[in-house]
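Engineer: Task: produce atomic coordinates for the following.
(6 chains)
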4 protein chains.
Amino acid sequence: MTDTPKWRRRKEARPSDICTAALQVFAEKGFAGARIEEIARRAGLSKGGVYLYFPTKEALFRAVVRDAVAPNIEAIRQSVLATPLPFADLVRMLLPQVAAIITTVPLGAVLKMVVGESRNFPELAKVWHDDVVLKAVGILSGAIEQAQARGEVRPGDPRIHAFSLIGPMLLGVLWRETFTPVGAAEVDLPTIARQHADTVLEGLLTAENKG
Amino acid sequence: MTDTPKWRRRKEARPSDICTAALQVFAEKGFAGARIEEIARRAGLSKGGVYLYFPTKEALFRAVVRDAVAPNIEAIRQSVLATPLPFADLVRMLLPQVAAIITTVPLGAVLKMVVGESRNFPELAKVWHDDVVLKAVGILSGAIEQAQARGEVRPGDPRIHAFSLIGPMLLGVLWRETFTPVGAAEVDLPTIARQHADTVLEGLLTAENKG
Amino acid sequence: MTDTPKWRRRKEARPSDICTAALQVFAEKGFAGARIEEIARRAGLSKGGVYLYFPTKEALFRAVVRDAVAPNIEAIRQSVLATPLPFADLVRMLLPQVAAIITTVPLGAVLKMVVGESRNFPELAKVWHDDVVLKAVGILSGAIEQAQARGEVRPGDPRIHAFSLIGPMLLGVLWRETFTPVGAAEVDLPTIARQHADTVLEGLLTAENKG
Amino acid sequence: MTDTPKWRRRKEARPSDICTAALQVFAEKGFAGARIEEIARRAGLSKGGVYLYFPTKEALFRAVVRDAVAPNIEAIRQSVLATPLPFADLVRMLLPQVAAIITTVPLGAVLKMVVGESRNFPELAKVWHDDVVLKAVGILSGAIEQAQARGEVRPGDPRIHAFSLIGPMLLGVLWRETFTPVGAAEVDLPTIARQHADTVLEGLLTAENKG
DNA sequence: AATGAATGAGGATTCATTCAT
DNA sequence: CATGAATGAATCCTCATTCAT
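Structural biologist: This next block holds a predicted model:
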């Protein structure tokens, strides 16, 4: 068996260890508030050690945010493969999946960072916009457009429809990141996903109350 | 003529001038990234002058965020006075009003600050949660509950229904704050408000596609 | 009657009011630690007002210290007029008088200032040395020398004899300024003066124990 | 050879190097007037380096003063071991020893600091009072009391007798610290010690002039 | 003569980054 | 590779001093 010794595996995992630690600290403190030393401590090496893998704090920040991009693009792409489904089924599958991803991956934290530091790091906002948001919205509104063409979905700007679908999920994430730690009620993302899918598909009004 | 000397008129307006400038800079740079000197310059006085009105940078930050709270609570309360309307009418009135408020007041900027610095200033997150968010959500879900009791609105957790109503507006705001400056398509909040109101009330699906 | 209105008397008394306040604050905080604003407050005028009478903080400090010199030289000169007395009587009169002066005038405070800031304000140390200390020591050792010539006082360096006379009084003052405020036992300067006069004149040893 | 790297040897000596430099600067400039940068320069490192060993300027000041306490308590205790001697011998041994200690250790400088900053750092005055002054005075007046019981020493408050013994030494120290640098005559502490011991033991008056 | 708002140089402190070991 | 002592630029904050009123 090619059995890699622990310390070697460690060495190879270092950049990723550092990124993981950095994500935590950046998410907690913001870019400027994060201390390299704390990142180093959480990653299990010395302050100087971080600089063996990342030339500057900014570079580390960029790496953290960019690294969070790639896997999520993939996740989205996966979901898109299911597109041939009826639109309702797609939504009822997609929203819980988004909830699951967000619950697993610290996507909320990254989102907070991108939003919070967008003025200081516009390129990161751009990367996220171009690689994540635009793609996600594009896929969604594409699916919506097709569904509209098939007569499944009511008319209206597909992009805004996409907002209607995604917005509440986003609100749930930010709520969890921001308000739950200071005593707000817990929010259960999967529950939100399910109920919101129903709501947005069928409408809030009861049949007898519709125009 | 009751002629007030120039510098005296200045003095009274100073705290508010400084808050306005500080809001801009904090929103652009985050708390730690903001330089007191830049706030001072934009407010039209010297570095030291800021300290005549606010004892520390933190105190200034708190003042900025808190000051953004009061007027908005009022705005929300106003909207609530219209509650006796049918739920659909309420929503079709409320969402555009939210859009209008957000477009006028730099609420997006404050929101970004509260979210971004929630770990560093939990008390601000708490104030916002207690005084703004909880109140807004409470009012909304209250109205929803009543509408459910009247049979106007479908069953389901009223708080999640509130998320369904508000989430897309929030997404619009953050989009505008974060992605539009880096080249993303403009979003028109009033348009979103209108279309989303329709969507969430009636549902995305066409009549013949509903369960 | 030349009756000066109160506010006019005030005006003329201002410099002295300020010096009195400044002495307190300088004595409490040291030169660098003293705030002009606090001196102004205690003197009953505004910060800017101090600058109508003293061009800089240093000038004020110098004034405070110099002002404390003149009257004390006088006091010493007065005591010297009694020189024709036998030495023992002189000492038994002088030490309690020193105690009285020190207890009345805040000489301890000034002394602390001169000692503490002697490196920062060498000229003040020099003024004090030349005008106060040297004179006082000169007068004392002069008297001692004469008494030695008359065979009243034992041989030995007259200046050191002067130290023997004055040192314990000084220790009493510094003790009162420094240690009493932090819980040390009170010291009673007049009592010290009396007992030390006896001691230094007659010696600590009993007759049968002397060489 | 056990060869310690240069910078490691440095590291261990640093706190003490810094304290030594700080003592000089504090003694010269007072607490507020002392510049961390100058202390650093004299200790041979950079401004920031000081903060690797002391968290604040105040902490450094406290360390400097406290560090001066411990060794002196020891010195005092040593002197006490000689107590069984006749009182006259004890004094004739003690005063020169005090002179020697003061001449060697920068005790005068520390004393100046404690006195000058006693209002700003009352706890340091307290530490000095409790650990140094009280102990020293206690030992001395204890010895005096015993000597009085043996009939060696004349009656009188033993604490004031202690002042009579020590005061002139203190005056000598302050003189040297304060006035010698501005042109005053040098004082020789050992000489003062010797002559004052004689004076205080035997009295200033000649036999035929005593009561 | 007096006020007190305003200034800005100065100094303590922090922390990203470097580099000798 | 890794460490952690050291650096020094950057920033908050203070306060002596000025000056319009």
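Engineer: Now do the buried residues in stretch A:151-171.
Structural biologist: A:152-154, A:156, A:158-171 (16 or more other CB atoms under 10 Å in any protein chain shown). All C-beta spots, glycine's among them, are computed from the backbone N, C-alpha and C.
Engineer: For the closest residue to residue A:152 other than its chain neighbours, give its distance to residue A:153.
Structural biologist: Excluding its sequence neighbours, the residue lying closest to residue A:152 (CB to CB, 6 or more residues apart in numbering or on different chains) is residue A:87, at 4.7 Å. Separation of residue A:87 from residue A:153 (CB to CB, to the nearest Å): 6 Å.
Engineer: so where's chain A shaky on pLDDT?
Structural biologist: Where chain A drops to pLDDT under 70, the residues are A:1-11, A:76-77, A:79-83, A:211.
Engineer: Summarise which helices and strands the lengthiest helix in chain A is packed against.
Structural biologist: For chain A, the longest helix by residue count, based on DSSP state H, is helix A:6-33. The contact analysis (3 or more CB pairs under 8 Å, 6 or more residues apart in numbering or on different chains; DSSP states H and E) places helix A:6-33 against helix A:36-43, helix A:57-80, helix A:107-116, helix B:6-33.
Engineer: just to revisit the earlier point, anything in contact with each of residue A:87 and residue A:153?
Structural biologist: A:144, A:147, B:204-205 (CB atoms under 8 Å, 6 or more residues apart in numbering or on different chains).
Engineer: what about burial for these, which qualify?
Structural biologist: Buried among the shared contacts of residue A:87 and residue A:153 by 16+ other CB under 10 Å: A:144, A:147, B:204-205.
Engineer: so which of the residues you listed would you say is closest to residue D:178?
Structural biologist: residue A:144 (87.6 Å; CB to CB).
Engineer: Would you mind splitting chain A into its domains for me?
Structural biologist: Following the assignment in automatic domain parsing, chain A carries domains at A:1-54, A:65-209.
Engineer: right, and these - which one's nearest DNA strand F?
Structural biologist: domain A:1-54 (1.9 Å; CB to the nearest atom of the strand).
Engineer: Would the closest one count as contacting DNA strand E?
Structural biologist: Yes: Domain A:1-54 lies within reach of DNA strand E by CB under 7 Å from any atom of the strand, at A:34-37, A:47-48, A:51.
Engineer: Which two of these have the greatest separation?
Structural biologist: For those, the farthest-apart pair by CB to CB is A:34 and A:48; their separation is 16.9 Å.
Engineer: of the two, who's got more company?
Structural biologist: Neighbours of residue A:34 and residue A:48, each counted by other CB atoms under 10 Å in any protein chain shown, are more numerous for residue A:34; the result is 22 against 10.
Engineer: wait, that one sits on residue A:26?
Structural biologist: Yes: here residue A:34 reaches residue A:26: they are 5.0 Å apart, a contact under CB atoms under 8 Å.
Engineer: tell me the contacts of residue A:102?
Structural biologist: Going by CB under 8 Å, 6+ apart, residue A:102 touches A:108, A:169, A:173, A:189.
Engineer: Can you give me the neighbour number for the closest residue to residue A:62 other than its chain neighbours?
Structural biologist: Among residues not flanking residue A:62 along the chain, residue A:124 sits closest, at 6.4 Å (CB to CB, 6+ apart). The local packing of residue A:124 (other CB under 10 Å) involves 23 other residues.
Engineer: Find the residue at the geometric middle of chain A.
Structural biologist: Nearest to the mean C-alpha position of chain A, by CA atoms, centre = their mean, lies residue A:107 at 3.6 Å.
Engineer: Next, the contact list for that one, please.
Structural biologist: Under the criterion of CB under 8 Å, 6+ apart, the neighbours of residue A:107 are A:68, A:72, A:101, A:173.
Engineer: Distance-wise, check it relative to chain C.
Structural biologist: Distance from residue A:107 to chain C, counting by CB to the nearest CB, to the nearest Å: 53 Å.
Engineer: What separation do you get for the nearest residue to residue A:65 once chain neighbours are set aside and chain D?
Structural biologist: Spatial nearest neighbour of residue A:65, chain neighbours left out: residue A:124 (4.9 Å); criterion: CB to CB, 6+ apart. Per CB to the nearest CB, residue A:124 is found 31 Å from chain D.
Engineer: Next: residue A:197.
Structural biologist: Between residue A:197 and chain D the distance is 55 Å, computed by CB to the nearest CB.
Engineer: and if you look at residue A:159?
Structural biologist: Distance, residue A:159 to chain D, using CB to the nearest CB: 52 Å.
Engineer: That residue - that's part of a helix, no?
Structural biologist: Yes: using DSSP: H, G, I helix; E, B strand; the rest coil, the assignment for residue A:159 is a helix.
Engineer: what sits against it?
Structural biologist: A:137, A:141, B:185.
Engineer: among the residues of domain A:1-54 next to DNA strand E, who's most crowded?
Structural biologist: residue A:34 (22 neighbours).
Engineer: Show me which residues of chain A sit near DNA strand F.
Structural biologist: A:10-11, A:14, A:45-49, A:51-52.
Engineer: If we use 10 Å, what do you get?
Structural biologist: Where chain A comes near DNA strand F, counting by CB under 10 Å from any atom of the strand, the residues are A:7-8, A:10-15, A:18, A:32, A:36-37, A:40-41, A:43-53.
Engineer: residue contacts, the residue nearest to residue A:152?
Structural biologist: Residue A:87 is in contact with A:143-144, A:147, A:150, A:152-153, B:204-205, B:209, counting by CB under 8 Å, 6+ apart.
Engineer: Include secondary structure and distance to residue B:97 when you put these into TSV, please.
Structural biologist: What follows is the contacts of residue A:87, written out as TSV (DSSP: H, G, I helix; E, B strand; the rest coil; distance: CB to CB, whole Å):
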residue	secondary structure	distance to residue B:97
A:143	helix	31
A:144	helix	27
A:147	helix	31
A:150	coil	35
A:152	coil	32
A:153	strand	27
B:204	coil	23
B:205	strand	27
B:209	helix	31
